[in-house]
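Participant: predicted model follows, preceded by the sequence.
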Amino acid sequence: MLFAIDIDLTIAGGFRAYIEHHNRDLALGISQQVLDGLANYQEFLLLPEVMAYRQNNEARFEESKASIRVSPDVILSLEALPRATEGVALLSALGTIRYYTIRANEVQKATIQWLYEKQFPRPRSVVFCENPIDKLIKLCQQETDETIVLIDDKYAVLLKAFDHCTRHIPAVADALRWRLIIVAFGIETCSLPKHNAVHLLALPSWQHITDLIAAIDFTLK
């Protein structure tokens, strides 16, 4: 069994790395005390300094957001989500671990270094993808006929990508049909839709990893 694990917002989080990047990059001058008191990225966007800056510099703010994807410093500043390292370690005893991420080539080295520093299993086993469709294509190209468990916070986008493959790249959809289990990270089971060709499971947080393992066993029986 292959466990294909997304990185951003699945095992890596930390909006603080983003807001500190914006503060430096845009010279906003917001004090560290204020930044430390924020609960999420949305609160940062509502700060008077940020709102005032964006009124006349929205294009530059969007450039700053885009630069996050190619900033090794931001990547290395991200936090591992609670119990993510332990959860992935449990999965590594049940199958092969590989990380599938939609990140720029400029941060490949930083991504691997971050996985090492956070003590995730098989930190060099990373596949960089251009978009969700490319993620499915690379899963299809690189794997055999084993079951693939894809853990990703963008499950809805992946379902649309699978439907796109069904219409336009049928070989990929046929190769993954019913042997791909998409695990919606951060989602409660009751919120899952149904799909006619992909197994769907939920992982609300890494604290629920044993529940996921049991659900996978049940699905495969």
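Facilitator: The structure has been received and is ready for your questions. Numbering: from 1, shown residues only.

Participant: what about the residue of the chain positioned farthest from its centre, is that helix, strand or coil?
Facilitator: When each C-alpha in the chain is compared with the mean C-alpha position (CA atoms, centre = their mean), N56 comes out farthest, at 31.9 Å. Following DSSP: H, G, I helix; E, B strand; the rest coil, we place N56 in the helix state.

Participant: show me where pLDDT drops low in this structure?
Facilitator: Segments of the chain classed as low confidence (criterion: pLDDT under 70) are 143-144, 190-191.

Participant: pop the domain breakdown of it in here.
Facilitator: According to automatic domain parsing, the chain is divided into the following domains: 2-12+79-220, 14-77.

Participant: re earlier: how close does the residue farthest from the centre of the chain sit to L26?
Facilitator: For N56, the distance to L26 under the criterion CB to CB, to the nearest Å works out to 12 Å. (Each C-beta comes from the backbone N, C-alpha and C, glycine too.)

Participant: how about D6?
Facilitator: 28 Å.

Participant: neighbour count winner among those two?
Facilitator: D6 (23 against 18; other CB atoms under 10 Å).

Participant: which residue packs closest to the more buried one, ignoring adjacent ones?
Facilitator: In space, D6 comes closest to D152 once its chain neighbours are excluded; the distance is 4.0 Å by CB to CB, 6 or more residues apart in numbering.

Participant: quick check, E49 in contact with I30.
Facilitator: Yes - between E49 and I30 there is a contact under CB atoms under 8 Å: 5.4 Å.

Participant: out of those two, which sits in the more crowded spot?
Facilitator: Per other CB under 10 Å, whichever of E49 and I30 has more neighbours is I30, with 18 against 15.

Participant: pull the contacting residues for that one.
Facilitator: N23, L47, E49, V50 (CB atoms under 8 Å, 6 or more residues apart in numbering).

Participant: what helix or strand is the first one located in?
Facilitator: Going back to what we said before, that points to N23. Element membership of N23 [criterion: DSSP states H and E] is helix 15-25.

Participant: immediately after that helix, which helix or strand?
Facilitator: For helix 15-25, the succeeding helix or strand toward the C-terminus, using DSSP H and E, is helix 32-36.
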